[in-house]
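J.: here is a sequence with its predicted model. Questions after.
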Amino acid sequence: MTVSQESVLMASDLPFELRMCPHLRPVREGSPVRRIRTPAGDEAWLVTGHAEVRDLLRDTRLGRSHPAPDARAQYARHPTYDQVTSDDHRAADDMHAGLRAVMKPYFTTRRMLELEPRVEAFVGERVERMIAAGPPADLRESLSAPLLRQVFTELLGVPAADRERCAELMRQAGAGDPAGFIGYLGELVARRDEAAADGMVAGLCAAGLPDEQVVQVSLLVQLAGYGATLKQIDYGVLLLAHNPEQRAAVLGGPERTTWAVEEILRLSGSLSLPRYAREDIEVGGVTIGADDLVLLDLTLGNFDEQAFEDPRRFDIERSPNRHLTFSHGAWTCLGAPLARLILRATFAGLFGELPGLTPATPLVDAGEPGAPLSGGLPERLLVTW
Ligand code: HEM
């Protein structure tokens, strides 16, 4: 495919949200592994090279445990996102593998195939409502947030009578205040007989997990998946709205929609949690010392010229497209099949009906940036067509 100037991602006429932050450019262009100071004021290694990030994600000498947690360097002093799971490496790895094993059955191909037509129908209904009400519409309010609330309440098996309350608590959790949602999960675990039998809460209870852990796993899934998927929907809509040629290609069939989703994932990138070296590790020409804090930058890895030709170009036909947005190896996002399904259904359903969809206002005026974990995108995304 020939790619026009318009589809060059960082073109100066694109809104600033779609351009790479200028402060990141020198970081991207420097050494793939370097020493930095974190927002918490501690020292860390920042890894930005695609090959180095991938290698380290597969390396068992790196993990989420630290032998002296109180003395460890931190990325940010945040109780939820900057914690270590144990001071014992083996125990931390066992716990991680155990958690993945109990969550995995909820993301199987069979489950996704069952869910797909329901997600497509939900998107179709919401788009019809948007069309009936006429432009402009807040895409968050009209489509993406209700869709995610529907998918997550169903995944957890929230009883129909609780759905609205639970959805509101999820919204608060996504905005950085998980207390109400944690309380609700505890309540649901206590009333497990009322939860849908094929949902995660009932399933984890039936598998014999202690109540506290059922709450913890359900919370992890929601925190890990909800904001990240919202952000990817916003970002994909903006990218497609600003790139008419690529948007037309997406509508050329399901295979192209699938490629477009991968390219949107690559360009929007994502976060990886802090890790610690368990012994000295030679990588990218440096030695990371045992117990050092290591930050693997999945987003900058996706912009590495060694791995992607002309990485700033939005090209849905990019192949191969080994982006790091869902992490890699033993850390690969468990919800990736679900996120891919939601993104495919949303872009196909939305642009299939409204091929001329575009932001209604300059994005900078679209509202205050949302919760930090949603990537700083606005709370609202006003669109017109
Ligand atoms: C497009 C949206 C999403 C993105 C970009 C994303 C990204 C990620 C990344 C990068 C990790 C690994 C973090 C690390 O290596 O430290 C991760 C882990 C995880 N994600 Fe996602 N995720 C998305 C959607 C979802 C969804 C929809 C769910 C569930 C419904 C989910 C559930 C999880 C879980 C449970 C983990 C933990 C896996 C583990 O610790 O081994 N994610 N995700």
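T.: Yep, that arrived.

J.: make it CA atoms for all contacts and neighbour counts henceforth
T.: OK.

J.: which residue ranges of the chain form strands?
T.: Assigned by DSSP state E, the chain shows strands spanning 33-37, 43-47, 62-63, 137-138, 275-277, 281-283, 286-288, 293-296, 358-359, 382-384.

J.: run a quick neighbour tally on the closest residue to the ligand within the stretch 1-150 of the chain.
T.: With C-alpha to the nearest ligand atom as the measure, the residue in the stretch 1-150 of the chain that lies nearest the ligand is residue 100; the distance is 5.7 Å. The number of residues packed around residue 100, counting by other C-alpha atoms under 10 Å, is 16.

J.: tell me how far the residue nearest to it when sequence neighbours are not counted lies from the ligand.
T.: Distances taken as C-alpha to C-alpha, 6 or more residues apart in numbering put residue 334 closest to residue 100, at 7.6 Å, once the chain neighbours are dropped. Between residue 334 and the ligand the computed distance is 5 Å (C-alpha to the nearest ligand atom, to the nearest Å).

J.: what residues does the stretch 1-150 of the chain put near the ligand?
T.: Within the stretch 1-150 of the chain, the residues that sit near the ligand (C-alpha under 6 Å from any ligand atom) are residue 100.

J.: residue ranges with poor pLDDT in the stretch 1-150 of the chain?
T.: Counting by pLDDT under 70, the stretch 1-150 of the chain contains low-confidence residues at 1-23, 80-81.

J.: and if we set it to 50?
T.: Along the stretch 1-150 of the chain, the parts satisfying pLDDT under 50 run over 1-13.

J.: now do the helices in it.
T.: In the stretch 1-150 of the chain, helices defined by DSSP state H, counting those that start in this stretch lie at 24-29, 50-58, 89-103, 109-133, 139, 145-156, listed in chain order.

J.: could you say which of these is packed most deeply?
T.: Looking across these with neighbours counted as mean count of other C-alpha atoms under 10 Å, the highest average goes to helix 139: a mean of 22.

J.: please compute how far stretch 101-119 lies from its chain's middle.
T.: Its chain's C-alpha centre and that of stretch 101-119 lie 17 Å apart, by C-alpha atoms, centre = their mean, to the nearest Å.

J.: one step back: let's have the strands of the chain in a markdown table, adding mean neighbour count.
T.: Putting the strands of the chain into a markdown table (neighbours: other C-alpha atoms under 10 Å) gives the following:
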| stretch | mean neighbour count |
| --- | --- |
| strand 33-37 | 17 |
| strand 43-47 | 22 |
| strand 62-63 | 24 |
| strand 137-138 | 20 |
| strand 275-277 | 25 |
| strand 281-283 | 14 |
| strand 286-288 | 16 |
| strand 293-296 | 26 |
| strand 358-359 | 19 |
| strand 382-384 | 20 |
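
J.: for those strands, give me CSV that also has distance to residue 352.
T.: Listed next are these as CSV, based on distance: least, C-alpha to C-alpha, whole Å:
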stretch, distance to residue 352
strand 33-37, 43
strand 43-47, 39
strand 62-63, 43
strand 137-138, 17
strand 275-277, 42
strand 281-283, 46
strand 286-288, 49
strand 293-296, 37
strand 358-359, 13
strand 382-384, 15
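
J.: report the central residue of the chain.
T.: The C-alpha lying nearest the average C-alpha coordinate of the chain belongs to residue 228 (C-alpha atoms, centre = their mean; 3.1 Å).

J.: is it true that residue 241 touches residue 248?
T.: No. When contacts are counted by C-alpha atoms under 8 Å, residue 241 is not listed as touching residue 248 (10.3 Å).

J.: those two: which has the busier surroundings?
T.: Under the neighbour definition other C-alpha under 10 Å, residue 241 and residue 248 were set side by side, and residue 241 has more, 19 against 14.

J.: ok, the more buried one to residue 357 distance?
T.: Residue 241 sits 6 Å away from residue 357, taking C-alpha to C-alpha, to the nearest Å as the criterion.

J.: equivalent analysis for residue 170, please.
T.: For residue 170, the distance to residue 357 under the criterion C-alpha to C-alpha works out to 28 Å.

J.: and for residue 37?
T.: For residue 37, the distance to residue 357 under the criterion C-alpha to C-alpha works out to 42 Å.

J.: what do you get for residue 318?
T.: Taking C-alpha to C-alpha as the measure, residue 318 and residue 357 are separated by 24 Å.

J.: contacting residues for the closest residue to residue 318 other than its chain neighbours?
T.: Spatial nearest neighbour of residue 318, chain neighbours left out: residue 263 (7.3 Å); criterion: C-alpha to C-alpha, 6+ apart. With contact set as C-alpha atoms under 8 Å, 6 or more residues apart in numbering, residue 263 has these partners: 314, 315, 316, 318, 321.

J.: what pLDDT does the closest residue to residue 291 other than its chain neighbours get?
T.: For residue 291, ignoring the flanking residues on the chain, the nearest one in space by C-alpha to C-alpha, 6+ apart is residue 277 at 4.9 Å. Residue 277 is assigned 98 on the pLDDT scale.

J.: counting neighbours, what do you get for the nearest residue to residue 49 once chain neighbours are set aside?
T.: Among residues not flanking residue 49 along the chain, residue 32 sits closest, at 4.4 Å (C-alpha to C-alpha, 6+ apart). Other residues near residue 32 come to 24 when the count uses other C-alpha under 10 Å.

J.: still on that earlier bit, tabulate the contacts of residue 263 in JSON lines, adding columns for distance to residue 269, pLDDT and neighbour count.
T.: Formatted as JSON lines, these follow (distance: C-alpha to C-alpha, whole Å; pLDDT from 0 to 100; neighbours: other C-alpha atoms under 10 Å):
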{"residue": "314", "distance to residue 269": "13", "pLDDT": "91", "neighbour count": "23"}
{"residue": "315", "distance to residue 269": "15", "pLDDT": "92", "neighbour count": "24"}
{"residue": "316", "distance to residue 269": "15", "pLDDT": "93", "neighbour count": "21"}
{"residue": "318", "distance to residue 269": "16", "pLDDT": "95", "neighbour count": "17"}
{"residue": "321", "distance to residue 269": "13", "pLDDT": "97", "neighbour count": "16"}
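
J.: would JSON lines of these with distance to residue 156 be doable?
T.: As requested, the contacts of residue 263 are exported to JSON lines (distance: C-alpha to C-alpha, whole Å):
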{"residue": "314", "distance to residue 156": "35"}
{"residue": "315", "distance to residue 156": "36"}
{"residue": "316", "distance to residue 156": "33"}
{"residue": "318", "distance to residue 156": "35"}
{"residue": "321", "distance to residue 156": "32"}
